[in-house]
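# Sequence plus predicted model, see below.
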Amino acid sequence: MIMLLNLIIFIMGLQHGWWFTGERYAFQNIANMALANISLGILIRQQRVVNALFWLAIRIPTSWPLWIRWRAGKVFHFGGLHYGGTVVGTTWFGFLLWGMFQSQLNDKSTLSGLTLGISAVMVGLMLLMIVSAIGPVRAKFHNGFEKIHRFVGWAVLGLFWAHNVSIMHDMGENLIQTFSFWVLCLVTLSVISPWLTLKRVDVHVLKPSTHVALAHFDYGDTPFPGSSNAISRTPFGEYHSFANIPTPGHEGYRFAISRSGDWTARFIDNPPQKVWVKGITTSGVARIEVLFNRVVYVGTGSGIGPILPHLLARQVPCRLIWSTRSPRKTYGDTLVDEIEAHTEKPLIWNTDEWGKPDLSKLALQAVRESDAEAVIVISNQKLTRRVVHDMETLGIPAYGAIWDS
């Protein structure tokens, strides 16, 4: 959608002489298009924007037709705006750099070498960010991807400011009176604001097994069900987001952290006494449950973490299918008892005893028995896609993480 819209604008611009004329207003037009697209890509990932999108979607009452609520539940499918905006914005900036070089070669340029140099560095850094975010590259070098996205992203934002100051100086215009100045102010505030919430807090970790840690927090914040927070051992280190598990009537919240990589393994084997919490409590997939009169939750392993707060809150009648190995041995009697006490007829499938189940078959059976309107899946990528596809093929609204960026 982003690419198509930009292609239409590009073709219109060719017809009206908005680009590549060598005139300074043409350079500014291209720069504004680049900035507008990249700003969209950045802002759509801002936690307050994400929360606002969810807030708008879940305002729809359950009395509305199911087909409307079904589509509103797809509110979390906004990742395409993130990478669509940033990739297309980088393309526009490549056009800008090409136009600057052409003008320089033809001795028509009024832009300084500094402006040209900043532009070239910015294009190179943005291409680096795009390459590092390509699926296979990101999967193989995930820690490197995170560092590039954060620190190179900050560098590009700083260079955007330097570029605009330089190009406005070359053109003899007032930066504050330009479109780009106010957009950059908004984007900069968006990037900085999560870091303004950075705090170091106490954490109490319980380990029911060597596979799982239950991290308890109580620092004056009780998040809403269907949200997540990001934590790290160091203020500017590797951050990981986990689903918040608040308990009605109690302050604070919990995380269920399972062993799924180097970071989580270190957390479980050597639990810290303090961690850094960054950003704003952010809405997650399952928050859309309130769009439906009754739902079925399907979870595997530590996927119970994002599901449990909804079971405890009891905002929507639900059924639970949880497939995991030795649930009581792995997660502890207390957690399993809590699940059973807050769920109608939960199906807790012990894979060590019964093998792996057909989750689509079990979900369909639960939908028919409970007259549920939707299925929400919290599992790995392969199982999530399979169950969501199977349910929606049968005309049942189904939701799960889409690993979109």
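Cool, got the structure.
# Correct me if wrong, but Trp18 is in a strand.
No. Trp18 is assigned coil when assessed by DSSP: H, G, I helix; E, B strand; the rest coil, not a strand.
# For it, the count of nearby residues, please.
17 (other CB atoms under 10 Å). Every C-beta, even on glycine, is put in place using the N, C-alpha and C of the backbone.
# Please apply the same query to Trp195.
Trp195 has 11 neighbouring residues, counting by other CB under 10 Å.
# Return the residues in contact with the nearest residue to it once chain neighbours are set aside.
Residue nearest to Trp195 in three dimensions, not counting chain neighbours: Lys278, with 6.6 Å by CB to CB, 6 or more residues apart in numbering. Counting by CB atoms under 8 Å, 6 or more residues apart in numbering, Lys278 touches Pro194, Trp195, Thr197, Leu198, Ala230, Ile231, Ser232, Tyr239.
# Then Leu116?
Contacts of Leu116 (CB under 8 Å, 6+ apart): Leu97, Met100, Phe101, Gln104.
# picking up where we left off before, among the contacts of Lys278, which one lies nearest to Gly284?
Distance to Gly284 across the contacts of Lys278 (CB to CB) is lowest for Ala230, with 12.1 Å.
# For Ala398, grab the count of nearby residues.
Ala398 - counted by other CB under 10 Å - has 24 other residues nearby.
# Distance check, the residue lying closest to it once chain neighbours are set aside against Glu289.
Spatial nearest neighbour of Ala398, chain neighbours left out: Met391 (3.6 Å); criterion: CB to CB, 6+ apart. To Glu289, Met391 is 15 Å away according to CB to CB, to the nearest Å.
# got it, and Arg48?
Counting by CB to CB - Arg48 and Glu289 are separated by 22 Å.
# cool, and Phe151?
37 Å.
# before we move on, the earlier item: I'd like to know which of the contacts of Leu116 are part of strands.
Residues of the contacts of Leu116 located in strands (DSSP state E): none.
# Quick one: buried ones out of those?
The neighbour-count criterion (16 or more other CB atoms under 10 Å) marks Leu97, Met100 among the contacts of Leu116 as buried.
# could I get the contacts of Leu116 as CSV with pLDDT?
Converted to CSV, the contacts of Leu116 look like this (pLDDT from 0 to 100):
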residue, pLDDT
Leu97, 87
Met100, 81
Phe101, 81
Gln104, 73
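# Looking at the contacts of Leu116, which is nearest Arg254?
Comparing these against Arg254 with CB to CB places Leu97 closest, at 49.5 Å.
# Helix, strand, or coil at Ala31?
helix.
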